[in-house]
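Q: Sequence plus the predicted model coming up.
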Amino acid sequence: STGAKSTGMAGTGIGMSHGAESSLTNGALITSVEGTQVSFGGTLFMPKVSFDNGMGAGSKDSAADMNVIPTVAVATKLSDNLYMGVGMWGTAGMGVDYRDEDANMNFVSNLQLMQFAVPVAYKIGDLSLSITPLLQYGSLDMNYDSNGTANPGGQSTTQGVAQDLQFGYNLGASYEISGVTIGAMYKSEIEMTYDGQISQAMNDFTGAPASNFSDKLSTPAEIGLGVSYNMNEHTVAVDYKQIKWASAAGYEDFKWDDQTVMSIGYQYATEAWALRAGYNYAESPITDQGAAGGLLNQFNLMGFPAIVESHITLGGSYNVSEQTSFDLAYVYTPEVTETYKGMGGQTIETKHSQTALSAQVTFNF
């Protein structure tokens, strides 16, 4: 999740400052804040997912169709050169809920991630550099019961939600010259371990020893470049980002591919209000592993169906006064359908679309 201003422009924010909100994307850009800025809000995230196990029961809808993701960002100018911020935001809410669907093994998965970060930025002329130490909280719950269905496997013996708390860091840089801002960022991989979740679920499912499987599910490293051009009321921003799923512990085992994310956003801003729009595309990191990889296919498509690719965004801000503004954003993610071979050699199918609504209030002091 990013703040509402960035979201309205398809998530662009590596090479365009959104004030305190930049704590979430490129900390070097908090240097645009002239005093102290505080933004807080949240996103109502509404995925629509269904899965067909290929055994004649048809497509069943996941009940996990609503998530609330909070964001809080603060940035302040400490001196002519030194800036500091605080950010707290939900970075992911991913999972499915088929607990009432016997055909889908009553499978439930729920991954929640929250980050707390303290960006520190230093400005020298037109160049800004930042380092952002951060603390990430994660929770993962996976369980299923395939007894009495046509699926192999039994009942999972995972013991409720597993949690972890780990440190990471982000690095940022930006350079501004005649209306053009160029930015770069790096986010470290954060190795998360959810004791007794993945290993136990796979052990219950396959009969292979739990020690054959890892309980790691790391947040992948990211590297990105961005550029924006501002001319009077108009700003255009473009971001390029690589998400390193293929080398992230856990996702590596599930054979996810690295993901390239391209975003373009436009803003028309007056003193009283702003309108934003954008488009974001990232090819799905999940690929068909063929009949031999049917077990992985089933876990990916049924439990972690991150197959959506395009995001179309709209947004706006209304400045109530010099001190206060309200920011809104809407994201529409068209439906994607993927059909793979399942663990019994049958054809399985997932459909996934999303909508999201973000609202935020920003104060300047």
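A: Looks like it came in fine. Residues are numbered from 1 along each chain as shown.

Q: what number of residues lie near the nearest residue to Glu189 once chain neighbours are set aside?
A: Once flanking residues are discounted, Glu189 sits nearest to Ala221: 4.2 Å by Cβ to Cβ, 6 or more residues apart in numbering. Every residue, glycine included, has its C-beta placed from N, CA and C. Ala221 has 18 neighbours, counted by other Cβ atoms under 10 Å.

Q: please begin residue numbering at 17 from this point
A: Taking 17 as the first residue, the last one we looked at is Ala237.

Q: ok, Ala237 touching Leu187?
A: No. Judged on Cβ atoms under 8 Å, Ala237 makes no contact with Leu187 at a distance of 11.2 Å.

Q: Between those two, which contacts overlap?
A: The contact sets of Ala237 and Leu187 overlap at Tyr202 (Cβ atoms under 8 Å, 6 or more residues apart in numbering).

Q: which stretches of the chain form helices?
A: 20-24, 214-222, 310-314 (DSSP state H).

Q: Can you flag the weakest of the ones you listed by average pLDDT?
A: Note on these: helix 214-222 shows the lowest mean pLDDT, a mean of 79.

Q: List the contacts of that helix.
A: Contacts for helix 214-222 (Cβ under 8 Å, 6+ apart): 156, 158-160, 168-175, 224-233, 266, 311.

Q: And the residues you listed, which of them are buried?
A: 156, 158-160, 169, 172, 174, 229-233, 266, 311 (16 or more other Cβ atoms under 10 Å).

Q: Ile85: neighbour count?
A: 20.

Q: same deal with Asp211?
A: Asp211 has 14 nearby residues by other Cβ under 10 Å.

Q: measure it to Asp180 for me?
A: Look at Asp211 and Asp180: by Cβ to Cβ, to the nearest Å, they are 8 Å apart.

Q: next one: Glu325
A: 29 Å.

Q: hmm, back to that, need phi/psi at the residue nearest to Glu205.
A: phi -70, psi 150 (degrees, to the nearest 10).

Q: for it, what are its contacts?
A: 202-205, 259-260, 263-264.

Q: Mind giving me the PyMOL select for the residues you listed, buried ones only?
A: To isolate the buried members of these in PyMOL, using 16+ other Cβ under 10 Å:
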select buried, resi 203+204+259+260+264
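
Q: Among the contacts of Ala237, which one lies nearest to Ser279?
A: Nearest to Ser279 among the contacts of Ala237: Ile259, at 12.6 Å, using Cβ to Cβ.

Q: That closest one touches Gly240, doesn't it?
A: No. Between Ile259 and Gly240 there is no contact under Cβ under 8 Å: 9.1 Å.

Q: intersection of neighbour lists for those two?
A: With Cβ under 8 Å, 6+ apart as the test, Ile259 and Gly240 both reach Val277.

Q: Tabulate the contacts of Ala237 (TSV), appending pLDDT and distance to Gly58.
A: Listed next are these as TSV, based on pLDDT from 0 to 100; distance: Cβ to Cβ, whole Å:
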residue	pLDDT	distance to Gly58
Tyr202	98	27
Lys203	97	22
Ser204	97	26
Glu205	97	27
Ile259	97	23
Lys260	97	28
Ser263	95	32
Ala264	95	27
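
Q: out of the contacts of Ala237, which one sits closest to Asp96?
A: When those are compared against Asp96 (criterion: Cβ to Cβ), the nearest one is Tyr202, at 26.3 Å.

Q: which one is the closest one nearest to, not counting chain neighbours?
A: In space, Tyr202 is closest to Leu187, 4.6 Å off (Cβ to Cβ, 6+ apart).

Q: Now do the contacts for the residue nearest to Thr107 when sequence neighbours are not counted.
A: Once flanking residues are discounted, Thr107 sits nearest to Leu129: 4.6 Å by Cβ to Cβ, 6+ apart. Taking Cβ under 8 Å, 6+ apart as the criterion, Leu129 is in contact with 106-109, 152-154, 235.

Q: Dump those into JSON lines; add distance to Asp274, neighbour count and pLDDT as well.
A: Shown next, in JSON lines, are the contacts of Leu129 (distance: Cβ to Cβ, whole Å; neighbours: other Cβ atoms under 10 Å; pLDDT from 0 to 100):
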{"residue": "Gly106", "distance to Asp274": "24", "neighbour count": "19", "pLDDT": "90"}
{"residue": "Thr107", "distance to Asp274": "18", "neighbour count": "18", "pLDDT": "80"}
{"residue": "Ala108", "distance to Asp274": "17", "neighbour count": "17", "pLDDT": "73"}
{"residue": "Gly109", "distance to Asp274": "22", "neighbour count": "19", "pLDDT": "72"}
{"residue": "Gln152", "distance to Asp274": "21", "neighbour count": "19", "pLDDT": "97"}
{"residue": "Tyr153", "distance to Asp274": "25", "neighbour count": "15", "pLDDT": "97"}
{"residue": "Gly154", "distance to Asp274": "21", "neighbour count": "23", "pLDDT": "96"}
{"residue": "Thr235", "distance to Asp274": "14", "neighbour count": "24", "pLDDT": "94"}
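
Q: Now distance to Thr47 too, for these, in TSV please.
A: As requested, these are exported to TSV (distance: Cβ to Cβ, whole Å):
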residue	distance to Thr47
Gly106	25
Thr107	23
Ala108	28
Gly109	31
Gln152	25
Tyr153	28
Gly154	30
Thr235	26
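
Q: Inside strands: which ones of those?
A: Judged by DSSP state E, the contacts of Leu129 include 106-109, 152-154 as members of strands.

Q: now for these, which pair is the farthest apart?
A: Between all members of these, the farthest pair (by Cβ to Cβ) comes out as Gly109 and Gln152, at 13.9 Å.
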